[in-house]
Each structure stands twice: as structure tokens, then as C-alpha cells.
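Q: The sequence and its predicted three-dimensional model are supplied below.
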Amino acid sequence: MSLLFPVFSLLISFLLGAIVTKRVSLEIPGFSRLFFTLILGIILFTSINYFSSLLFSFPKGIIVGQGSIIALLLFYLLYYYKPDFKDLFPFRDLLQQKLLLVCIGIIGIILIALFHTHIIRNIEGDLYTGESTFGDLPFHLSTISQIAYGLQFPPDEPMYARYPLVYPYFINFFSAILVYEGWSPRLSIIIPGLILSVSLLGLIYDFAFNLTKNSLKSFLTVIFYFFNGGLGFYFFLKDYSFNITSILYALSQASSLKEYSHLFEQNIQWGNFLSRMIVPERSLLFGIPAGIIILRLLFFRGTDKLASIFDLILAAFLISLMPLLHTHTVLAMMVILPVLALLTIDKRHWKNQLTRYFFVASLAVIFAIPHIPLFLNHLNKSESFFKLHLWWMAKPDESVLWFWFKNTYLFIPISLIILIFSKISNKNIRTLQLITFILLIIINVALFSPFDWDNVKFLFWAGLFFAIGAASFFGFLLQKNHWYIRVATIVIVITMISTALLSIWREIYYKNVLFSKEAVSVSQQLIKTTPPNSLLLTYKIHNSPVSNLAGRSIMMGYPGLLWVHGIKYQDREKEINDIYAGSADAKDLIEKYGIDYAVIESYNPQDMFINKSFFEQYPVELKTQNYTIYKLNEPI
């Protein structure tokens, strides 16, 4: 495949997004149209190829899918498109939004640095990542590689062969298409990541502008959302005794700093969005933008016109995709959409509005039918994801109020002020603050994952509404004529983003080896010498080159990741231990699962015994200094 094929895919996704954006009836400012176009184009491009691949398999499905998109584009251009002067200059209105451009410039530079340093950066043959991505990136790589190199679609759980993957993998499917068409896994993550991240920034600015009609408040919303942080900055100053010399020296040793936005020793759990979330939690790059567009289509339209049928169908389709886009946005939308529907109802037209909401809900269920059985099957087989649990991650001996103040700093007090004093903001912003407190109640009374920290993902949405509230509050203060109020406001705003700046500074310089040069070479040879549908027995680690880079199925990866996904892995883990130990039933277990190859590494893992002499009865498929791969389906 050529490197140009992925560029062509991005181009046709852009054109698809442009057509859909042009068709919607809500008020989209000229400076926002590009961001709607990019998000809608990539999501719709991915969904068409997804459903096509379900019908025709991968990679035939993407040929059919992209052929269908091209046919649709040609049909529209020939029969429906009417030339518009604005289409020739899509950046004209954007260039007039100076504060938005400042956001894109500053955050864009940070994003480039983070993606460059965190996505398997090649340094003398070894592949490096950052701290925030060390755990999650291998999973994403495995899903991408399994589809692109292993040609498995729908993909299995990458750390647990022959178990359906229910993690929202849409964004990884998009990257897999780009890899199959010729890009490297690194490029397939970085380029879409940057496009989607900047588009998310633009949509947040648009969302805030729609609510406030104020560029400064929209700018502050973006700043507060991307540079969120709790009291980490205070603990940083305290660690260095508020001594300027010690502080400057600590800042010069960036990689040695503590992670102050996610400071375990002080139980600060809400990490900074830029440094800790946006790169490793990459499914949010589909989920949050799609959620914002749904809110704009249904509630915050910027016009008195009722939503058109096209708008309602588009909203329903995006809602139906949510289980494939981002799990916690699904859960958040189950709260946000009904509450907004109730609180924004117009007494004069309530029947019409309820009819439209019912139409959207019914259509979303119909659109979701193809993937509902998969999720019901997973819920039946997995550990329970839901349980009641008070105060999220506050410790038993810790004040709940202190816990939340450490994590959110001034966001909660400001939201309360906005709810009490109506002059600071408008009704829509106060409604969002109310929804924020409903989300906080949910976070504090229940868990939705075996890993309790995962509740932090509700804060992606609570944080957005917090940011809008804080921007309205500080924007209100900055409009005052008294210089001392403005100075005090600026100082407070600086403290609110200081923890984020510390975290970002550290994260850019922090690096870990994820794959050695030898591991990369092994993965490349596996792609060349083993069938795509091969099943391999590997050590129970999260960064195996077999699954992460070669896209081959493995019996089992890191147990901690499987636990987070609710998979009952204990029986298989025992069987894997028995095979590696060369127990009496080892051969029967190999035959039971149809294992094709076994990987023996030079070190001995602590969680199981490796009987190397047992595997010597099998031919060696591949041998390097630290890896020996035996072919189990052909005994000597």
C-alpha cells in the first residue's frame, strides 16, 4: 500500500463531513464549521467502513465502504451541490477569532510534543512512551495491529484471545484502516490524534460561545478544560518549602518531579486532561466531540428554528454509536440528555418537543441493534460493572469535602455561586451547573467499573460544565472596572492552571522504554512468517510485541487489564501456568485451544514456572538473544 492512500481516506472523510455539516440546520458560526466538518467526517467515515466490514469482512469491507463514500460524494457534487463563496475560504472566519487561535497555538504545541514523545518514539531502535501512556498504549496498539496485520474483524479482546472486544474501539478501527493502507501504527495514532484533539478544542470553544456569546469566556472555558488541576501546585510549593531557588532547580529536573495533577500521596485523582488523559484515553477523542455535537443538535442550537429531520436523524445515529465511541460518555449522556429535555421544555410546544425526543430515542435504539447483542453477551459473561460505593476514592479517614477540594480546587464553589447569583450567567449555564452536581452525586454513590478510578471519566463531562461555569464567573469579574479585581482574578486563574503546567512539563520529558529494538525485530519477523490468525502463548504482560506490534492473538496478557475490563480470566490463567510448567495435561491444553506457537523469553517471570525442557520437543520457529518461539502444532 502507498503512504498516499491514508491521505486520500482523510480527504474523503473531510468532504463527507463538509456535506453533512452543510446539511444541518443549527446555527454553526463560520469559525466552528471546520471542527464540525472534521469530527463528523471522521466518525461517519469510520462508521460506514465499520458496518461495511461487518457485512463483507476486513479488508474487503473498507473497499466497499470507501467506494460507497466516493459514490455518495460524486452524487452530491453532481446533483445537489451549489457553489458557495464561503466554501472557498473556510478559514476566513476562523482567522478573526484571535483568542481561539491563541488556544490552538498554545495547546497545539503541547499536543505535538506529547504525541511525539509518547507514541512509540524511536530512539536508536528502541520504542519509547511516556508515563501516562505506558499502561494504555499497548492495548490500543494491539487492537490496531490485530485488525490491520491480523485481519481480525471484529477484533477479539487483544489481551485474551477468542473473547469479543467490547471496549469502544472505533477510534482504533480508524487507525487500523490507515495502517492497512500504508501508514505506521505511530503515524496512524499521531495524525488523527492531533486532528481530533484540535477539533475537540474548537468544539468546546464553539459550545461555550453558543452559551455565552463572548470570546473571552469561550477562551477561558478551553483553558480551564484543558489545564484542569487541583491543589497539586500547593503541594509542589510545600515540597520545596516555598523556596524560589529550590523550586527553580526542581523545575530544571522535569522528569524527576512528582505527578502533581495525579498525586497519590495526597489522594489527588483527577489528573490533568492534557498530560494524563487525551493521549492514553484516546476513545474520548470520538466520544466527547460526538456528545457536544449531540447537545448542539438537540438543545443548544443557536437558533429559534426547530431541529430538522436531518438533525434528529444525525443526533440519533451519533447516540447509537456511543457504545462504540466512548463508554463513559454513554453513561453521562443517560443523565445529561433526559435532564436537559426536562429542564428546557417549552410549555407552549411541549408535545412537539417530547415527540421529537421520542423519535430520536427510538431511532437511536434501532440504529444500535447491530451491536446490542455483543454488549449484552459481555455483561452476561463478565464481572459486575455496577456497584454502590460512597465517596468515590476518598479514604475512610479523610474528609469528603477536603478530598473534593484537593481534586477540583475552586470549580465546585464557583458552580454553587453561579447557581445562587443569577446575574453572573444565563439560564443555560446554570442548568449545566445543576447537571454537574447530579454527575458528582453519581460519582460519589456508585462505581461503573471494577477499577474505581475509572469514575474519573465522568469528570470529562462534569469538567466541561465546570469550565463553562468558571469561565462565566471570571469573565464577569474581568469586566469590572476596578484594576485590583482584575489583578486578583488573573492571579487566581493562574493558580487554577498551575498544577496542569507542572504536570505537562513533567510528562513531556518523562520517558519509558516500551519495546526494545529486539522486540520490534521479533514482531516484524512474526508478521512475515506466521499466519495472521495464529494463536500464541506468551508471558502475561501488557507490552508483548506479539500482540502489540505483530497483531497476533495471544492466550492472555496482563491480568490487571483483564480485571479492569471485567473478564473472568482465572481459569485460563491456571491453564496457561500448567502449559508453561509442562504439566501432565499441557499437551491436551495446547490442543484444546489450538495454540500455534509458544514464546519463551530469557527471564523467568515471578508469577509462573517455565519448564524450558518441555518445549524443546517442538521445532524452533524463531530465535534471538532473548526470545525463542516454538511451533507447537508440529512436534519434532
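A: Noted; the coordinates are in hand. Residues are numbered from 1 along each chain as shown.

Q: from here on, contacts and neighbour counts on C-alpha atoms
A: Noted.

Q: show me the contacts for the closest residue in space to residue 4 that isn't next to it in sequence.
A: With sequence-adjacent residues excluded and distances taken as CA to CA, 6 or more residues apart in numbering, residue 4 is closest to residue 182, at 7.8 Å. Contacts of residue 182 were listed using CA atoms under 8 Å, 6 or more residues apart in numbering, and they are 1, 2, 3, 4, 5, 6.

Q: What does the pLDDT read for residue 182?
A: Reported pLDDT at residue 182 in the predicted model: 93.

Q: Name the nearest residue to residue 302, sequence neighbours excluded.
A: Nearest non-adjacent residue to residue 302, counting by CA to CA, 6+ apart: residue 27, 5.1 Å away.

Q: Tell me the secondary structure of the one you found, please.
A: Three-state secondary structure (criterion: DSSP: H, G, I helix; E, B strand; the rest coil) places residue 27 in coil.

Q: the strands in the stretch 301-450 of the chain, which residues?
A: Along the stretch 301-450 of the chain, the stretches classed as strands by DSSP state E, counting those that start in this stretch are 387-388, 446-447.

Q: Which one of those strands lies nearest to residue 155?
A: Across the strands of the stretch 301-450 of the chain, residue 155 has its closest neighbour in strand 446-447 (27.1 Å, CA to CA).

Q: sorry, back to before: would you mind measuring from the residue nearest to residue 302 to residue 309?
A: Taken as CA to CA, to the nearest Å, the spacing of residue 27 relative to residue 309 amounts to 15 Å.

Q: measure residue 608 to residue 573 for me?
A: With distances defined as CA to CA, the gap from residue 608 to residue 573 amounts to 10 Å.

Q: And residue 461, by the same measure?
A: The value you get for residue 461 to residue 573, if CA to CA is used, is 37 Å.

Q: just residue 56 next, same as before
A: Applying CA to CA, the value for residue 56 to residue 573 is 34 Å.

Q: cool, and residue 505?
A: Relative to residue 573, residue 505 is positioned 40 Å away (CA to CA).

Q: Who has more neighbours out of residue 461 and residue 573?
A: In this comparison of residue 461 against residue 573, neighbours counted by other CA atoms under 10 Å, the higher total goes to residue 461 at 23 against 17.

Q: Report the spatially closest residue to that one, excluding sequence-adjacent ones.
A: Here the nearest residue to residue 461 in space, its sequence neighbours aside, is residue 332; by CA to CA, 6+ apart that works out to 7.2 Å.

Q: So the one you found sits against residue 459, correct?
A: No - Residue 332 lies out of contact with residue 459 (CA atoms under 8 Å); the separation is 9.4 Å.

Q: who touches stretch 148-156?
A: With contacts defined as CA under 8 Å, 6+ apart, stretch 148-156 is touched by 53-54, 57-59, 143, 146-147, 162-165, 176-177, 179-180, 527, 532-533, 550-553.

Q: Spatially, what comes nearest to residue 321 if we skip its sequence neighbours?
A: Once its chain neighbours are removed from consideration, residue 321 has its nearest residue in residue 368; the separation is 6.8 Å (CA to CA, 6+ apart).

Q: same deal with residue 108?
A: residue 198 (6.9 Å).

Q: Please tell me I have it right and the one you found contacts residue 105.
A: No - contact between residue 198 and residue 105 fails when scored by CA under 8 Å: they sit 9.7 Å apart.

Q: quick one: which of these two has more around it?
A: A direct count of neighbours by other CA under 10 Å for residue 198 and residue 105 places residue 198 higher, at 21 against 13.

Q: May I ask which helix or strand encompasses that one?
A: helix 185-212 (DSSP states H and E).

Q: Okay, now the sheet partners of the helix or strand where residue 629 lies, with direction.
A: Under the assignment given by DSSP H and E, the secondary-structure element containing residue 629 is strand 627-631. Strand pairing for strand 627-631, determined by DSSP bridges: strand 597-601 (antiparallel), strand 620-623 (antiparallel).

Q: so which of these gets nearest residue 37?
A: Of all the strands paired with strand 627-631, strand 597-601 sits nearest to residue 37, with 45.7 Å by CA to CA.

Q: Can you name the element that comes right after that closest one?
A: Sequence order places helix 612-615 as the next helix or strand after strand 597-601, per DSSP H and E.

Q: What average pLDDT does that next one get?
A: When the per-residue pLDDT values of helix 612-615 are averaged, the result is 91.

Q: Show residues contacting that helix.
A: Counting contacts by CA under 8 Å, 6+ apart, the residues touching helix 612-615 from outside are 580, 581, 582, 600, 630.

Q: Can you tell me how far the closest residue to the fourth one other than its chain neighbours is from residue 518?
A: What it means is residue 600. Spatially, and ignoring its direct neighbours in sequence, residue 600 is nearest to residue 628 (5.1 Å; CA to CA, 6+ apart). When CA to CA is the yardstick, residue 628 and residue 518 sit 12 Å from each other.

Q: Can you pull the residues that touch both of these two?
A: Residues within reach of residue 628 and of residue 518 at once, by CA under 8 Å, 6+ apart: there are none.

Q: Which strands or helices does the helix holding residue 198 pack on?
A: Contacts of helix 185-212 with other secondary structure elements, assessed using 3 or more CA pairs under 8 Å, 6 or more residues apart in numbering; DSSP states H and E, are made with helix 33-56, helix 98-118, helix 137-148, helix 170-181, helix 215-226, helix 284-298.

Q: Tell me the helix or strand right after the longest one.
A: By that I understand helix 33-56. Remark: after helix 33-56, the chain's next helix or strand is helix 60-79, criterion DSSP H and E.

Q: Can you mark which positions in that following helix are buried?
A: By 16 or more other CA atoms under 10 Å, the buried positions in helix 60-79 come out as 61, 62, 64, 65, 66, 69, 70, 73.

Q: Over to stretch 559-575?
A: Of the residues in stretch 559-575, those scored as buried under the neighbour-count criterion (16+ other CA under 10 Å) are 559, 561, 562, 563, 565, 566, 567, 573, 575.

Q: so what's the fourth one closest to, chain neighbours aside?
A: Same thing as residue 563. On the basis of CA to CA, 6+ apart, the spatially nearest residue to residue 563 that is not a chain neighbour turns out to be residue 450, at 6.9 Å.

Q: Quick check: the gap between the one you found and residue 165.
A: Using CA to CA, which is the criterion applied here, residue 450 is 17 Å from residue 165.

Q: same check, this time on residue 91
A: Taking CA to CA as the measure, residue 91 falls 40 Å from residue 165.

Q: what's the answer for residue 553, then?
A: Relative to residue 165, residue 553 is positioned 12 Å away (criterion: CA to CA).

Q: One more: residue 75?
A: From residue 75 to residue 165 the distance is 36 Å (CA to CA).

Q: same check, this time on residue 279
A: In this structure, residue 279 and residue 165 are separated by 21 Å, where distance is defined by CA to CA.

Q: In terms of packing, which of the two has more residues around it?
A: Taking residue 279 and residue 165 together and counting by other CA under 10 Å, residue 279 has the greater number of neighbours (27 against 20).

Q: Surely that one touches residue 115?
A: Yes - proximity of residue 279 to residue 115 meets the contact threshold set by CA under 8 Å, at 6.9 Å.

Q: Mind listing the shared neighbours of these two?
A: With CA under 8 Å, 6+ apart applied, the overlap between the contact sets of residue 279 and residue 115 consists of residue 193.

Q: what about stretch 210-228, average pLDDT?
A: Confidence over stretch 210-228 (mean pLDDT, whole number) is 96.
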